[in-house]
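# Generate a structure from the sequence data that follows.
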Amino acid sequence: MTPTTAVAAAGMALLAAAMVAYPATGVTALATGEPADGTVILGAWLYMSDDPSLPDIGGDRPSKFNSRLGYNGGSFQLEQSIPLALNPYSTAHEEMPANFSFLDDGTDASIFLTVYANQQRDNGSGLALVTDDELTKLAQQVSNVSASTNKQMYIRFCPEMNGSWMLYGVQADAFKATWIRMANIMRSLAPNVALVWSPNFDLGDGTTYAPYYPGDDYVDWVGLSAYWKGSKSAATQDVNTQAPSDYFTEIVDGTGTEGGLVNFYTNYASGKGKPFVLSEGGAAFITCEEASGSSNCVATAAGDGQSTIEMSFWNSVLSDSFLSAHPLFKMFQIFEHKKFEEYNGGTGMVFRDYRVSVDGTTRDAFAARVATLASAGKLVLGNVVTASSSSSASVTNSATSASVSTASTSSSSKTTGAAASVRPGFTSSVAAAAFVLASLGAVLFAF
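You can find the predicted model right below:
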């Protein structure tokens, strides 16, 4: 046996020993935009329209939200439609891009962009209008915004596709084909943008998930829209009642009286190694009700009270027991809106307030839970940044150019989760093998 052969044989023996000593246990790289294990991003979807007819609802901003809550949101959600109108003089509201200049918080909070295929034109509607050219414009837009703001971006594309209330809803094959085209274009032009697949939560009435899942290779995050508007077994949803203490567990795991038929977390998060986000959610406190055909909104009895109702939902989401049992739960987006909605099949309208940062008692209760999680290092919040003196402060929404002020992180009075490239707590036979092979190569080189 030659010396080289002997060394090779010894190296193979070492490699075999390493494979036994360090068996593969599932080393998993963090997904795009995923924070470290044990941390959750606090996000909010604000009603930022400047409609002067909505003084109690619109005109919100991240800076106002942060000031009310006393903590900086770690992500803010905007929405827009596809096809995307690049003409800044367009008067078609549904075609206008998201207004990124609304993001006035001065932090590194990420951007969570929801994109709806909800347009109707003479040449088609919904998914039929989502051409490769339109998807390319979208990819260029988000790539430019992400690069020029140094903010992580997430795209929640055509959410709640399993719901009949969406123009593109309940069209499984067309949705999956469109999603795959979108993902391929995004991967090519905007590879740092996280793709969020997010159906509506299973109501146990056929709003299933599986027919709409495009495949693991095309999804970075999985999410759900989930709300408490009263028990699904109630005769009517115009009464102010609180949610069960484990409500979100029931929704996510498909258990209890409020859960659906499928364990979403097991099937789509832990079973696929995907981080999970509550893409929009909250509890509805009803302030008044309109009968069908009436314009008179009659005050609704407070029932269990706004703070109790709203916190019954959020305590079920942010409880220690839920977080420890669902370690891939990595972000939540508060639906910080107040809006009229139909109920009981359209027989009436109710004015529902989902906001946690406006009513004083609710805000104090929610902020207290945030404080507990933040002090334990479990929340990802926004870091204050300082704008570069040489940069421009203007913002454009074009798919071919986006000029915004560049920023560098300076300091933060808030707790943020540390970044990591892999989920910790694993060993890998691959790493051991790489070490042995590298050592073997060095020895062989010496010969």
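# Might you report the residue contacts of the residue nearest to Thr255 when sequence neighbours are not counted?
Among residues not flanking Thr255 along the chain, Thr249 sits closest, at 6.8 Å (Cβ to Cβ, 6 or more residues apart in numbering). Heads up, the C-betas are built off the backbone N, CA and C, glycines and all. By Cβ atoms under 8 Å, 6 or more residues apart in numbering, the residues touching Thr249 are 255-256, 316, 321-322, 325.
# Redo those as TSV? Include distance to Gly73 and pLDDT.
Supplementary listing: these in TSV, determined by distance: Cβ to Cβ, whole Å; pLDDT from 0 to 100:
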residue	distance to Gly73	pLDDT
Thr255	30	93
Gly256	30	93
Ser316	21	98
Ser321	24	97
Phe322	20	98
Ala325	25	98
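# Select only the buried ones of those in ChimeraX?
Filtering the contacts of Thr249 down to the buried ones (16 or more other Cβ atoms under 10 Å) takes a single ChimeraX command:
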select :316,322
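# which one of the contacts of Thr249 sits closest to Ala301?
Ser316 (23.4 Å; Cβ to Cβ).
# wait, which of the contacts of Thr249 is closest to Val145?
Relative to Val145, and with distances defined as Cβ to Cβ, the nearest of the contacts of Thr249 is Phe322, at 32.7 Å.
# Quick check: that closest one touching Trp314?
No - when contacts are counted by Cβ atoms under 8 Å, Phe322 is not listed as touching Trp314 (10.7 Å).
# Could I get the average pLDDT for stretch 294-312?
Stretch 294-312 carries an average pLDDT of 94.
# where exactly do the helices run in the stretch 51-200 of the chain?
Secondary structure of the stretch 51-200 of the chain (DSSP state H, counting those that start in this stretch): helices at 62-69, 132-149, 172-189.
# Save these as JSON lines, and put in mean pLDDT, mean neighbour count and distance to Gly106 too.
Below are the helices of the stretch 51-200 of the chain laid out as JSON lines (pLDDT from 0 to 100; neighbours: other Cβ atoms under 10 Å; distance: least, Cβ to Cβ, whole Å):
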{"stretch": "helix 62-69", "mean pLDDT": "96", "mean neighbour count": "19", "distance to Gly106": "7"}
{"stretch": "helix 132-149", "mean pLDDT": "95", "mean neighbour count": "20", "distance to Gly106": "12"}
{"stretch": "helix 172-189", "mean pLDDT": "98", "mean neighbour count": "18", "distance to Gly106": "28"}
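# In TSV: the ones you listed, plus distance to Ala234.
Listed next are the helices of the stretch 51-200 of the chain as TSV, based on distance: least, Cβ to Cβ, whole Å:
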stretch	distance to Ala234
helix 62-69	31
helix 132-149	40
helix 172-189	30
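# quick one, which of those helices is nearest to Val222?
It's helix 172-189; of these, that one is closest to Val222 (Cβ to Cβ) at 12.7 Å.
# do you know how far Phe285 is from Arg355?
9 Å (Cβ to Cβ, to the nearest Å).
# Could you list the low-confidence segments of this protein?
1-27, 51-57, 86-95, 206-207, 345-346, 387-447 (pLDDT under 70).
# at 80 what do you get?
Along the chain, the parts satisfying pLDDT under 80 run over 1-28, 50-58, 85-96, 203-207, 235-236, 292-294, 344-347, 387-447.
# Please list the residues outside stretch 218-225 that contact it.
31-34, 154, 156, 159-160, 179-180, 183-184, 194-201, 213, 251-252, 264, 268-269, 272, 274-281, 330-331.
# Strands - which of these land there?
Taking DSSP state E, the ones among these that sit in strands are 154, 156, 194-197, 276-281, 330-331.
# that older thread, now intersect the contacts of Thr249 with the helices, please.
316, 321-322, 325 (DSSP state H).
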